[in-house]
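Asks: Show me how the following folds:
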Amino acid sequence: MERNGKKVSISLLILAVFGLCLLVTKSMNAADQPRTQHAPSGWILAGSTPTNYRTGVDAANMHGSSRSAYLTSISEGHGFGTLMQTISAANYAGKRLRLRGSVRAQDAADWAGLWMRVDKGQQSVAFDNMQNRAIKGTQPWGMHEVVLDVPADATSISFGILLTGSGEVWLSDLSLEEVGMDTPTTAMNSQGTLPQRPVNLGFSE
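Replies: Below is the predicted model of the structure:
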């Protein structure tokens with residue numbers, strides 16, 4: 001009986017050691033693969049050529065203590081990819097909204113930027129994608145923002161980060177909040193973007 005008891009104890013010990021090895025291996029694999037290979041919950045990968053891009057959460061590239069999402073090109077080609085989501089405009093009707101986030105870029109050959117679009121049905125009524133102040137090349141973490149007015153009859157708001165061409169961007173510390181009317185909008189058709197009168201009609205240098 002004692003020998004049988006010893007055999008059982010040894011078998012249990014072997015099973016325990018084997019289980020511990022499995023846990024250690026699983027932890028090592030997780031550490032070796034800090035990136036998820038799918039869009040974070042509530043987000044989608046879209047754009048003109050979404051198959052040229054990959055997105056997910058990158059635990060190895062945090063901004064301080066905040067997690068980041070990444071968007072990276074996986075093949076050469078034209079077009080853009082975006083990590084985005086669309087929400088109802090009901091809670092923001094008649095308000096001015098600011099999308100703010102910290103962005104880091106690596107070898108962005110064309111350009112990248114935060115973007116937001118306000119729609120009324122199928123019609124876009126406000127839009128900005130930072131193209132006039134684009135993020136290019138390799139850039140450290142920096143705060144960027146897009147500010148738009150949401151008309152009372154708007155139906156949806158879409159927002160995210162986009163990358164055109166090759167490269168990689170990370171997004172962290174993202175917020176979408178109402179701001180006062182004293183905060184200038186960044187809309188591409190706002191007075192802060194377009195000149196008030198024709199300029200340089202004589203083509204001087």
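Asks: Return the list of helices and strands in contact with the lengthiest strand in the chain.
Replies: If you go by DSSP state E, the chain has its longest strand at strand 96-120. Using 3 or more CB pairs under 8 Å, 6 or more residues apart in numbering; DSSP states H and E, the elements in contact with strand 96-120 are strand 53-63, strand 66-73, strand 123-128, strand 135-149, strand 156-164, strand 168-179. Backbone N, C-alpha and C define where each C-beta goes, glycine included.
Asks: Just name the most buried of those strands.
Replies: Across the helices and strands packed on strand 96-120, the average number of neighbours (mean count of other CB atoms under 10 Å) peaks for strand 156-164, which reaches a mean of 23.
Asks: orientation of that one relative to strand 53-63 in degrees?
Replies: Angle, strand 156-164 to strand 53-63, by axes from the mean of the first three to the mean of the last three CA atoms, to 10 degrees: 90 degrees.
Asks: Now do strand 156-164: everything it contacts.
Replies: 43, 47, 53, 69, 71-73, 79-89, 92, 97, 99, 101, 103, 108, 110-119, 129, 146, 150, 169, 171, 176 (CB atoms under 8 Å, 6 or more residues apart in numbering).
Asks: Can you list the strands that it pairs with?
Replies: Using DSSP bridges, strand 156-164 pairs in its sheet with strand 80-88 (antiparallel), strand 96-120 (antiparallel).
Asks: Correct me if wrong: residue 47 contacts residue 73.
Replies: No. In terms of CB atoms under 8 Å, residue 47 does not count as a neighbour of residue 73; the distance is 10.9 Å.
Asks: which residues are in contact with both of these two?
Replies: Taking CB under 8 Å, 6+ apart as the contact criterion, the common neighbours of residue 47 and residue 73 are 53, 81.
Asks: will you turn the helices and strands packed on strand 96-120 into a markdown table that also has mean pLDDT and distance to residue 186?
Replies: As requested, the helices and strands packed on strand 96-120 are exported to a markdown table (pLDDT from 0 to 100; distance: least, CB to CB, whole Å):
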| stretch | mean pLDDT | distance to residue 186 |
| --- | --- | --- |
| strand 53-63 | 92 | 22 |
| strand 66-73 | 95 | 21 |
| strand 123-128 | 96 | 5 |
| strand 135-149 | 98 | 5 |
| strand 156-164 | 97 | 13 |
| strand 168-179 | 97 | 11 |
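Asks: What's the first helix or strand after the lowest-mean-pLDDT helix or strand in the chain?
Replies: In the chain, the helix or strand scored least confidently by mean pLDDT, DSSP states H and E is helix 2-32, which has a mean of 48. Scanning forward in sequence from helix 2-32 by DSSP states H and E, the next helix or strand is strand 44-47.
Asks: Could I get the buried residue list for that next one?
Replies: 45, 46, 47 (16 or more other CB atoms under 10 Å).
Asks: cool, stretch 68-87 as well?
Replies: By 16+ other CB under 10 Å, the buried positions in stretch 68-87 come out as 68, 69, 70, 71, 72, 73, 80, 81, 82, 83, 84.
Asks: For the closest residue to the last one other than its chain neighbours, give its distance to residue 153.
Replies: The spatial neighbour of residue 84 that comes closest, neighbours along the chain excluded (CB to CB, 6 or more residues apart in numbering), is residue 160 at 3.1 Å. Computed with CB to CB, to the nearest Å, the distance linking residue 160 and residue 153 is 23 Å.
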